[in-house]
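[1] Got a sequence here, can you build the structure:
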Amino acid sequence: MTASDGDSRKSSVRALNVSPHTATDMPASERSRVRVVRATPTTTASMDVSLMRLALGNLLANALRHSPPGSPVEMRVSDMDEPLALVIDVVDQGPGIPDDLLDRLFQRGIHKGRAAPRSPRQGMGLGLYIVHRVMQLHGGQVALVRNGPDGVTMRLIVGQDTDD
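    Have a look, this model is predicted:
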């Protein structure tokens, strides 16, 4: 994953078109658990669709893995004016992120070998690092905005150019 000349891979796409494609990347048994909520009338945003699918896929996979079986995971799509940006929240109902990981949450390899309580699958510790890098390449950010025993909300902010 490298940043090419600025925004050369970015294009204006329908903001909600990224989510159905991301859902098709998931196991069929998990797709019905993802609920997309459109909170504002945002229709298009400038982004590299492939990279955003990768970032959202990682966040959704984490949310599904850490939530109770059968519980929904919500993806809220909205926008903000200051600064002008697309905002995507991924909300789960899992047990939260342990305090000892919070200050290193987006570092490479930090979760390696640490399986979710209900998952036999162990990650390589790259998912949140990749999300962080994708957001950097978009001039945006990823943030943990809610963390507790009733779940986690991760927020992607994709800044939009106002030069048009």
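[2] Can you verify Glu74 is assigned to a strand?
    Yes: per DSSP: H, G, I helix; E, B strand; the rest coil, Glu74 lies within a strand segment.
[3] Excluding chain neighbours, what is closest to it?
    Computed as Cβ to Cβ, 6 or more residues apart in numbering, the closest residue to Glu74 that is not its neighbour in sequence is Val91, at 4.3 Å. Any C-beta I mention is one placed from the backbone N, CA and C, and that applies to glycine too.
[4] partners of that neighbour in the sheet?
    In this entry, Val91 is beta-bridged to Glu74, Thr153, by DSSP bridges.
[5] roughly how far apart are it and Arg38?
    Taking Cβ to Cβ, to the nearest Å as the measure, Val91 falls 14 Å from Arg38.
[6] Looking at those two, which is more packed in?
    A direct count of neighbours by other Cβ atoms under 10 Å for Val91 and Arg38 places Val91 higher, at 20 against 14.
[7] low pLDDT regions in the protein?
    For the chain, the stretches with pLDDT under 70 are 1-24, 42-43, 110-125, 162-164.
[8] ok, longest helix in it?
    helix 49-66 (DSSP state H).
[9] so what secondary structure elements neighbour it?
    helix 18-24, strand 73-80, strand 85-91, helix 127-137, strand 151-159 (3 or more Cβ pairs under 8 Å, 6 or more residues apart in numbering; DSSP states H and E).
[10] which residues sit in contact with the residue nearest to Glu74?
    Listed by Cβ atoms under 8 Å, 6 or more residues apart in numbering, the contact set of Val91 reads Ala63, Val73, Glu74, Met75, Arg76, Arg146, Gly151, Val152, Thr153.
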